[in-house]
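S.K.: turn this into a structure:
(chains A, B, C and D)
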There are 2 protein chains.
Amino acid sequence: MESNKRVEEVCAKCTDSCCSKCFNVGDENIFNCLTEDELKMLIAEKRHVHFKAGETILKQNTSASHVVCIKNGLAKIIAEGEGDKKLILRLVTTHSILTGGGIFINEIRHFTVQAVTEVDCCFIDSEKIFELVSKNSLFAFELLKLNNRQNIEMLNNLVGITQKYMPGRVADLLLHLKNQIFNSNPFETNLSRHELADMTSMTMESFIRILKEFKSAGIIAVEGSNMHIIDEEALVVISRKG
Amino acid sequence: MESNKRVEEVCAKCTDSCCSKCFNVGDENIFNCLTEDELKMLIAEKRHVHFKAGETILKQNTSASHVVCIKNGLAKIIAEGEGDKKLILRLVTTHSILTGGGIFINEIRHFTVQAVTEVDCCFIDSEKIFELVSKNSLFAFELLKLNNRQNIEMLNNLVGITQKYMPGRVADLLLHLKNQIFNSNPFETNLSRHELADMTSMTMESFIRILKEFKSAGIIAVEGSNMHIIDEEALVVISRKG
DNA sequence: ATGTTTTATTGATATATGTCAATCCAGCTA
DNA sequence: TAGCTGGATTGACATATATCAATAAAACAT
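M.R.: Predicted structure coming up:
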């Protein structure tokens, strides 16, 4: 139960085109299409906030007054259910833009976002986004695409979870971590076993068991938080078989 | 394996403001904000298509060249997995607008849409939608909202499926059918037991068993395709407990 | 170093859910 | 009317996964 209010400090180091410079990689940078003036307006009152590992960045069911841009670090998007049930929908990392599932819909956040490592991010007032959407149609289009892409990604992941057995889900997770999140082969997860289990909608104990199976089959090597995928083909086959 | 190409006929009966008239209910009508000229442009080459029950309206993994507006009937949005695995993500009915999960993302449909009853619908060229998005920012905003609302709804449903036991899922489904889809209490489903099971990600046999339990507990009355929720409170409790 | 708390791992067991096969029933065709 | 066909239902059984409890290992404070 963390408070959503955080000590905020005006971003000192990046006064002008911070946002465009922060997000100049790949197609997630929806700020590219803004004019100088629009960009200035956007970042005029943005606030830079630092989170420690474990802290809550956005909280489900609170009002959605800001959009968050992650400049650095790793965070998890969580759907909280009844009781203590949590499901980690996806990980977000440097250069991601978060809406918490729903600006645009009755201004309520549909998910919780929590820092996994230390996280640096900018809070931008939603009103500014609204203003830009109604002024710059290209920006609206880019935002539309980004939003859709993120949602489809999460939906596909969830469909997999409902349709596959545990080995298939763990295989999917490992491939995702290697290819989408950490982009390196022996990779250091920063995520506890419990968190990894929450990403596949299974118990920590079950997750560990599957991991052990993969290990003794020679498909992966695991040493604490360090994971090495040895036989990626095998994982793909397991994923496909379900 | 149905072909995606269908015999199409130009909509004869509704030449002018068909689309705005067809979708004049509630907030799903994103065409309200269009000017006369824009509306004319939009519907100029639209095509009216009729589908029989069971026919495929949009097919997953085909190219997404059109947006579909449902004028009449009931259809199901399906995520197809490996093998024969199907998951019905949501039902769509009169006055719904379908993008098949992703116009805007590499032009590929992410879901299959299939007619449950007879379905009347209009096919509108995606290019026209793109054009309007870049011309009319209010329209872009409305489309953004619609898209987001639909996706969040599906995500929430899937989260429930991954977090709840079968009774909770069946309770959710029954409440959804009564309150969102058919809007009446004894309601006629038109859906087979198999389809209902596919909406909750469980086996037909398991679904029937839970239905039977609810029946003998006096919570519902079932007579073939006709269902009557007697004790809604009980369903809500079951849903919450998971 | 020593104890203390959290996290990871393992094992034994319970339970939810799926699978397979048989039967029942309604709608259709001859 | 009889016979067929496909969905609905039921039962016996198999298995995937969760739960509970115990231990091991690591992180942390004193």
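S.K.: count of residues packed around residue A:42?
M.R.: 23 (other C-beta atoms under 10 Å in any protein chain shown). For every residue, glycine as well, the C-beta is placed using N, CA and C.
S.K.: I'd assumed residue A:30 was in contact with it.
M.R.: No. Counting by C-beta atoms under 8 Å, residue A:42 stays clear of residue A:30, with 10.8 Å between them.
S.K.: check contacts around residue A:173.
M.R.: Counting by C-beta atoms under 8 Å, 6 or more residues apart in numbering or on different chains, residue A:173 makes contact with A:196, A:199, A:200.
S.K.: restrict the residues you listed to those near chain B?
M.R.: The subset of the contacts of residue A:173 within reach of chain B, by C-beta under 8 Å from any C-beta of the partner chain, is empty.
S.K.: among those residues, which one lies nearest to chain B?
M.R.: residue A:200 (9.5 Å; C-beta to the nearest C-beta).
S.K.: what sits closest to residue A:169 if chain neighbours are left out?
M.R.: residue A:200 (4.2 Å; C-beta to C-beta, 6 or more residues apart in numbering or on different chains).
S.K.: what residues are up against that neighbour?
M.R.: A:161, A:166, A:169, A:170, A:172, A:173, A:207.
S.K.: next one: stretch A:79-99 to chain centre, how far?
M.R.: How far stretch A:79-99 lies from its chain's middle: 7 Å, per C-alpha atoms, centre = their mean, to the nearest Å.
S.K.: what about it, near chain B?
M.R.: Yes. Stretch A:79-99 reaches chain B (C-beta under 8 Å from any C-beta) through A:79, A:81, A:82, A:83, A:85, A:87, A:89.
S.K.: including pLDDT and neighbour count, could those go into JSON lines?
M.R.: Converted to JSON lines, these look like this (pLDDT from 0 to 100; neighbours: other C-beta atoms under 10 Å in any protein chain shown):
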{"residue": "A:79", "pLDDT": "96", "neighbour count": "24"}
{"residue": "A:81", "pLDDT": "92", "neighbour count": "16"}
{"residue": "A:82", "pLDDT": "87", "neighbour count": "13"}
{"residue": "A:83", "pLDDT": "85", "neighbour count": "10"}
{"residue": "A:85", "pLDDT": "92", "neighbour count": "16"}
{"residue": "A:87", "pLDDT": "97", "neighbour count": "21"}
{"residue": "A:89", "pLDDT": "96", "neighbour count": "27"}
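S.K.: adding distance to DNA strand C and secondary structure, write those residues out as a markdown table.
M.R.: As requested, the residues of stretch A:79-99 next to chain B are exported to a markdown table (distance: C-beta to the nearest atom of the strand, whole Å; DSSP: H, G, I helix; E, B strand; the rest coil):
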| residue | distance to DNA strand C | secondary structure |
| --- | --- | --- |
| A:79 | 18 | strand |
| A:81 | 14 | coil |
| A:82 | 14 | coil |
| A:83 | 15 | coil |
| A:85 | 13 | coil |
| A:87 | 15 | strand |
| A:89 | 20 | strand |
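S.K.: may I ask which two of those are separated the most?
M.R.: Maximum pairwise distance in the residues of stretch A:79-99 next to chain B, criterion C-beta to C-beta, is 17.8 Å, between A:83 and A:89.
S.K.: quick check: mean pLDDT of the lengthiest helix in chain A?
M.R.: Using DSSP state H, we find that the single longest helix of chain A is helix A:137-163. Averaging pLDDT along helix A:137-163 gives 88.
S.K.: that helix: how far from the chain's middle?
M.R.: For helix A:137-163, the distance to the chain centre is 12 Å (C-alpha atoms, centre = their mean).
S.K.: what is it packed up against?
M.R.: For helix A:137-163, the packing partners by 3 or more C-beta pairs under 8 Å, 6 or more residues apart in numbering or on different chains; DSSP states H and E come out as strand A:86-93, helix A:126-135, helix A:166-176, strand B:74-80, strand B:86-93, helix B:126-135, helix B:137-163.
S.K.: make CSV out of these and add distance to residue A:216.
M.R.: As requested, these are exported to CSV (distance: least, C-beta to C-beta, whole Å):
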stretch, distance to residue A:216
strand A:86-93, 26
helix A:126-135, 50
helix A:166-176, 13
strand B:74-80, 33
strand B:86-93, 32
helix B:126-135, 50
helix B:137-163, 28
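S.K.: which stretch among those comes nearest residue A:61?
M.R.: Per C-beta to C-beta, nearest to residue A:61 of those: helix B:137-163, 12.3 Å.
S.K.: that closest one near DNA strand D at all?
M.R.: No. Using C-beta under 7 Å from any atom of the strand, helix B:137-163 never reaches DNA strand D; the gap is at least 9.1 Å.
S.K.: residue ranges with poor pLDDT in chain A?
M.R.: A:1-28, A:100-106 (pLDDT under 70).
S.K.: is it correct that residue A:60 is in contact with residue A:111?
M.R.: Yes. Residue A:60 lies in contact with residue A:111 (C-beta under 8 Å); the separation is 5.6 Å.
S.K.: and chain A, what are its domains?
M.R.: A:9-157, A:164-241 (automatic domain parsing).
S.K.: contacts only, for the residue nearest to the spatial centre of chain A.
M.R.: Nearest residue to the geometric centre of chain A (C-alpha atoms, centre = their mean): residue A:92, 2.2 Å. Residues in contact with residue A:92 (C-beta under 8 Å, 6+ apart) are A:70, A:74, A:75, A:76, A:77, A:98, A:113.
S.K.: and what of residue A:233?
M.R.: No contacts exist for residue A:233 under C-beta under 8 Å, 6+ apart.
S.K.: repeat that for residue A:41.
M.R.: Contacts of residue A:41 (C-beta under 8 Å, 6+ apart): A:128, A:131, A:132.
S.K.: what about the residue lying closest to residue A:57 once chain neighbours are set aside, which SS state?
M.R.: Spatial nearest neighbour of residue A:57, chain neighbours left out: residue A:113 (4.4 Å); criterion: C-beta to C-beta, 6+ apart. Put simply, residue A:113 is strand when judged by DSSP: H, G, I helix; E, B strand; the rest coil.
S.K.: buried stuff in stretch A:173-184?
M.R.: Residues of stretch A:173-184 classed as buried: A:173, A:174, A:175, A:176, A:177, A:178, A:181, A:182 (neighbour count, 16 or more other C-beta atoms under 10 Å in any protein chain shown).
S.K.: rebuild those residues as a markdown table, extending it with distance to residue B:187.
M.R.: Below are the buried residues of stretch A:173-184 laid out as a markdown table (distance: C-beta to C-beta, whole Å):
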| residue | distance to residue B:187 |
| --- | --- |
| A:173 | 40 |
| A:174 | 44 |
| A:175 | 43 |
| A:176 | 40 |
| A:177 | 45 |
| A:178 | 48 |
| A:181 | 45 |
| A:182 | 49 |
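S.K.: closest to chain B out of those?
M.R.: Of the buried residues of stretch A:173-184, the one sitting nearest to chain B (C-beta to the nearest C-beta) turns out to be residue A:173, at 13.9 Å.
S.K.: how many residues are close by the closest residue in space to residue A:150 that isn't next to it in sequence?
M.R.: Among residues not flanking residue A:150 along the chain, residue A:90 sits closest, at 7.7 Å (C-beta to C-beta, 6+ apart). Counted by other C-beta under 10 Å, the residues lying close to residue A:90 total 19.
S.K.: from DNA strand D, how far out is residue A:90?
M.R.: 19 Å (C-beta to the nearest atom of the strand, to the nearest Å).
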